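Engineer: Structure, please.
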Amino acid sequence: MNLHDVGTVFWRDWTVLDRRMTKFVLSRMISPILYLVAFGWGLGRGMRMDGGSYLDFIVPGIMALNAMNISFSAVGSPLNMSRLYHKTLEEYLIAPIGAVSFVAGKILAGALRGLISSAVIFVLAYLFGANYTINLWYILTLALTCFLFAAMGFVVAMLIDSHEDMANFSTYVLLPMSFLCATFFSLESMPAMVKVIIEILPLTHATYALRLIGSGGGVPWLSMGVLAMYAAALVGVGVWSMSRVRE
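Structural biologist: Residues are numbered from 1 along each chain as shown. From the prediction side, this is the model:
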């Protein structure tokens, strides 16, 4: 991996984002505000979860959900369109940039978008009265989550051969995770077999980790390890898929 090449790919995506930063930030405020109003002020007013307010319970879930959606879409949709329709991916294929450097640059750029969007939620959550701890481990967990789902977006974009199937992936995979992976409710009441399946999914571990650290607990090393393994596996598949296209 060449760090200069990684920086080149990353800088290209950062330049695009920088020109649209205001629109990007404003558009990323809509969904979190709706979630906070509906579940924090509306449905969740007066509810208690795990000894705290429901608002404090759902903020880490909204954070994990946002990290998944923004990081995935920041890489997945543009790369899929670039590969299949605009054919601009071919510019990278003929450039002297290695597969690992290209994958790393794209994933880091997608993760950055996820982190910027998460920073917006930090501010909104405090304005809504949420109470949680943000420390280095919280930020590292959030960054790992963004990196993981940006890598997933890369893999899906490289393996799926139509924009319609990209939308189907979001419908069949991301949408169920959005609501089932402990984001808005505890899994304690779920049937045992369903709970086992849900606890394998990466968003569940991201939510668990952010919720525990945000409430002032320790570092959930098991969840961190699961997230790291998912991220490493997806990066590996991403490099393989990019190398296959270049052959």
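
Engineer: CA only for contacts and neighbour counts going forward, please
Structural biologist: Fine.

Engineer: Flag the helix or strand of this structure with the lowest per-element mean pLDDT.
Structural biologist: Considering only helices and strands, the least confidently modelled element of the chain by mean pLDDT, DSSP states H and E is strand 48-49, at a mean of 62.

Engineer: which ones are touching the residue positioned nearest the centre of the chain?
Structural biologist: With distances taken as Cα atoms, centre = their mean, the residue of the chain nearest its centroid is Met68 (2.4 Å). By Cα atoms under 8 Å, 6 or more residues apart in numbering, the residues touching Met68 are Gly114, Thr145, Cys146, Phe149, Ala150, Leu203.

Engineer: got those as a markdown table, with distance to Phe39 and pLDDT columns?
Structural biologist: Formatted as a markdown table, the entries for these read as follows, by distance: Cα to Cα, whole Å; pLDDT from 0 to 100:
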| residue | distance to Phe39 | pLDDT |
| --- | --- | --- |
| Gly114 | 22 | 89 |
| Thr145 | 23 | 94 |
| Cys146 | 24 | 94 |
| Phe149 | 25 | 94 |
| Ala150 | 27 | 94 |
| Leu203 | 19 | 93 |
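
Engineer: Low-confidence regions, the chain specifically.
Structural biologist: Using pLDDT under 70 as the threshold, the predicted model of the chain has low-confidence ranges 1-2, 4, 40-52, 84-95, 246-247.

Engineer: hmm, try it at 50
Structural biologist: Within the chain, the set of residues satisfying pLDDT under 50 is empty.

Engineer: show me where it has helices.
Structural biologist: Along the chain, counting by DSSP state H, helices occupy 3-19, 21-35, 54-81, 89-94, 99-127, 136-159, 163-169, 175-180, 192-198, 202-214, 221-246.
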